[in-house]
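Student: I need the structure of the sequence given here:
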Amino acid sequence: RQFPTYNFVGVIIGPRGVTQKAIEQQSGAKIAVRGRGATKGRKRRDGKPNPGDDDELHVLIQADMEQQIADAVRLL
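Tutor: Take a look at the predicted model:
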């Protein structure tokens, strides 16, 4: 990793999810942080790992239109 001590998850989500929600509202896209380190040890109720928990840390962007994805990437 290029920046091992930088908290990218915290920067993207922001306090109480405010930053993530603002980016979603401005872009029209849905944003999710996935992979190792994204959930801070939170597990499912059944105790099993979430799908993708072993993936590299990444941001998943989903939208109906490509422009919404481009806008979300620019804002991120």
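Student: Now do the contacts for residue 28.
Tutor: Contacts for residue 28 (CB atoms under 8 Å, 6 or more residues apart in numbering) come out as 63-65, 68, 71. The C-beta positions use only the backbone N, C-alpha and C, and glycine is treated the same way.
Student: As CSV, those with secondary structure, pLDDT and neighbour count would be great.
Tutor: As requested, the contacts of residue 28 are exported to CSV (DSSP: H, G, I helix; E, B strand; the rest coil; pLDDT from 0 to 100; neighbours: other CB atoms under 10 Å):
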residue, secondary structure, pLDDT, neighbour count
63, coil, 97, 17
64, coil, 97, 10
65, coil, 97, 10
68, helix, 98, 18
71, helix, 97, 18
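Student: Nearest to residue 37 among those residues?
Tutor: residue 63 (24.4 Å; CB to CB).
Student: Which residues are in contact with that closest one?
Tutor: Counting by CB under 8 Å, 6+ apart, residue 63 touches 27-30, 69, 72.
Student: Name the residues that touch stretch 3-17?
Tutor: The contact list for stretch 3-17 (CB under 8 Å, 6+ apart) reads 19-20, 22-23, 31, 33, 37-38, 57, 59, 76.
Student: Which positions within the helix or strand of the chain with the lowest mean pLDDT qualify as buried?
Tutor: When the helices and strands of the chain are compared on mean pLDDT, DSSP states H and E, helix 8-13 comes out lowest with a mean of 89. By neighbour count with 16 or more other CB atoms under 10 Å, helix 8-13 contains the buried residues 9, 12-13.
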